[in-house]
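Trainee: what's the 3D shape of this:
(one chain, ligands or ions: 2)
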Amino acid sequence: MPRIVSARVIVTSPGRNFLTLKITCDDGTTGVGDATLNGREMAVASYLSEHVVPCLIGRDPHRIEDIWQYLYKGAYWRRGPVTMTAIAAVDMALWDIKGKVAGLPVYQLLGGASRDGCMVYAHANGTTVADTIAVAKAEIAKGYKAVRLQCGVPGLASTYGVAKPGQRYEPADADLPAESRWSTERYLRIVPELFAAAREALGWDVHLLHDVHHRLTPIEAGRLGKDLEPYRPFWIEDPTPAENQEAFRLIRQHTTTPIAVGEVFNSIWDAKHLIEHQLIDYIRATVVHAGGITHLRRIAALADLYQVRTGCHGATDLSPVAMAAALHVGLSIPNFGVQEHMPHTAETDAVFPHAYTYTDGMMHPGDAPGLGVEIDETLAADYPYARAYLPVNRLEDGTLFHW
Ligand SMILES: O=C(O)[C@@H](O)[C@H](O)[C@H](O)CO
Ligand SMILES: [Mg+2]
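Mentor: Numbers count the residues shown, from 1 in each chain. Ligands and ions are numbered 1, 2, ... in the order given. Below is the predicted model:
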């Protein structure tokens with residue numbers, strides 16, 4: 001029986017901060033798990049090293065479910081992003097170890113491939129409608145079958161999802177939170193214009209997505225969904241904050257535009273009401289923030305009962321370790337929908353060599369045993385941690401709002 005002999009938290013910042021848990025067994029087998037919680041990284045680092053690692057030493061790494069339950073129920077204080085990200089990192093590393101011991105890629109342990117690959121969506125953003133469409137065209141030329149459209153809002157200095165000219169979009173870029181301003185009225189005018197122009201320029205053979213980023217009230221979201229219906233969006237994401245899950249019923253009463261929610265969810269309990277009442281179409285809960293492969297599969301299984309499909313978060317604040325884990329889950333479950341794909345920088349890809357591949361709008365986790373991703377610790381050490389925050393958002397009168 002193999003035993004866990006060590007577990008270490010590795011912090012590296014090849015362009016942005018990533019936290020990786022590396023578990024080693026007495027036979028030398030290692031496994032990696034992503035523990036990145038954008039803007040709150042060191043809280044997870046401390047939770048893992050101070051409170052989780054001591055409980056792992058000496059355990060049998062094959063008992064994935066038992067260790068999951070031990071860390072979840074055993075803490076007494078359940079759920080929350082810090083706890084569930086720490087559990088996710090352990091869970092991913094244990095699946096990686098199990099795959100390596102079995103000599104199989106993790107998706108084979110999860111039941112095998114249910115499809116040829118995972119459809120992924122690209123990001124297209126620009127200051128103007130025309131700029132955004134030009135980027136979307138370039139992404140479609142790379143083979144993407146689905147593209148998320150975000151454009152600048154006239155009258156606002158900066159907009160969620162839109163890069164500064166000439167830069168990559170990376171919202172966590174300040175050593176204190178940057179502040180942006182928001183106007184719902186201006187926003188609700190530009191998005192239907194963006195989608196009308198996009199259908200005109202891009203045609204109907206591409207899926208078009210949009211992220212509202214929690215910024216509308218339910219009735220405003222109903223209006224946006226209705227205004228976009230003629231352009232058949234694949235989804236609108238996070239149309240309203242999801243603490244009050246019943247709020248989505250009002251949106252549903254007004255629009256048939258599909259809804260995706262859940263990148264900030266940590267557990268099945270955050271998604272249960274939305275799924276059981278069929279208030280959403282896609283669940284965005286993510287392997288790294290929702291308890292790992294073990295728990296994400298549970299959420300997907302619940303969702304499948306209600307014809308809700310997955311559309312997992314996959315921004316660059318998830319490391320290549322989480323991307324690999326997401327692809328193993330996505331390839332194997334029956335109700336996969338789409339996977340977000342924001343390619344990492346070359347520096348990040350070099351620190352995390354990986355087996356997953358992108359071809360023609362689809363990704364595949366590869367057939368290396370385990371997750372198929374490693375961390376180059378020597379290279380990782382060249383990129384020290386630097387505190388970085390996500391922005392905060394205020395209304396034009398200064399009221400603190402949802403970012
Ligand atoms: O759907 C997305 O990719 C975004 O909502 C990002 O996850 C968010 O900006 C935090 O990185
Ligand atoms: Mg989002």
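Trainee: Tell me where the stretch 201-350 of the chain has helices.
Mentor: Taking DSSP state H, counting those that start in this stretch to define them, one finds helices in the stretch 201-350 of the chain at 218-228, 247-254, 268-276, 292-305, 320-332, 346-351.
Trainee: brain fart, the stretch 1-150 of the chain
Mentor: 41-46, 53-56, 64-73, 81-102, 106-109, 129-141.
Trainee: So what's the gap between the fifth one and the chain middle?
Mentor: Relative to its parent chain, helix 106-109 has a centroid offset of 20 Å by C-alpha atoms, centre = their mean, to the nearest Å.
Trainee: what's that helix packed up against?
Mentor: helix 81-102, helix 320-332 (3 or more C-beta pairs under 8 Å, 6 or more residues apart in numbering; DSSP states H and E). (Each C-beta comes from the backbone N, C-alpha and C, glycine too.)
Trainee: Turn these into TSV, columns for distance to ligand 1 and mean neighbour count.
Mentor: Output for the helices and strands packed on helix 106-109, formatted as TSV (distance: least, C-beta to the nearest ligand atom, whole Å; neighbours: other C-beta atoms under 10 Å):
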stretch	distance to ligand 1	mean neighbour count
helix 81-102	12	26
helix 320-332	12	29
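Trainee: of those helices, which approaches Gln339 most closely?
Mentor: helix 320-332 (5.3 Å; C-beta to C-beta).
Trainee: Mind telling me which residue of the stretch 201-350 of the chain is nearest ligand 2?
Mentor: Closest approach between the stretch 201-350 of the chain and ligand 2, counting by C-beta to the ion: Asp211, at 4.4 Å.
Trainee: from what I can see that residue touches Phe234, true?
Mentor: No. Applying C-beta atoms under 8 Å, one finds Asp211 not in contact with Phe234, separated by 11.7 Å.
Trainee: what's near enough to touch Leu302?
Mentor: Ile268, Ala271, Lys272, Ile275, Glu276 (C-beta atoms under 8 Å, 6 or more residues apart in numbering).
Trainee: Same question for Tyr306.
Mentor: Applying C-beta under 8 Å, 6+ apart, the residues near Tyr306 are Ile275, Glu276, Gln278.
Trainee: Give me the buried entries from the residues you listed.
Mentor: Ile275 (16 or more other C-beta atoms under 10 Å).
Trainee: can you confirm Ala197 is in a strand?
Mentor: No. Counting by DSSP: H, G, I helix; E, B strand; the rest coil, Ala197 is not found in a strand; it is helix.
Trainee: Touching, it and Val129? I think so.
Mentor: Yes. Using C-beta under 8 Å, Ala197 is in contact with Val129, at 5.1 Å.
Trainee: So whatever residue of the chain ends up closest to ligand 1 versus Pro171, what's the distance?
Mentor: For the chain, the residue closest to ligand 1 is Ala315, as judged by C-beta to the nearest ligand atom, at 3.5 Å. For Ala315, the distance to Pro171 equals 9 Å [C-beta to C-beta, to the nearest Å].
Trainee: which residues touch the residue nearest the centre of the chain?
Mentor: In the chain, the residue lying closest to the centroid (C-alpha atoms, centre = their mean) is His313, at 2.2 Å. Taking C-beta under 8 Å, 6+ apart, we find His313 in contact with Gly262, Glu263, Arg284, Ala285, Thr286, His289, Glu340.
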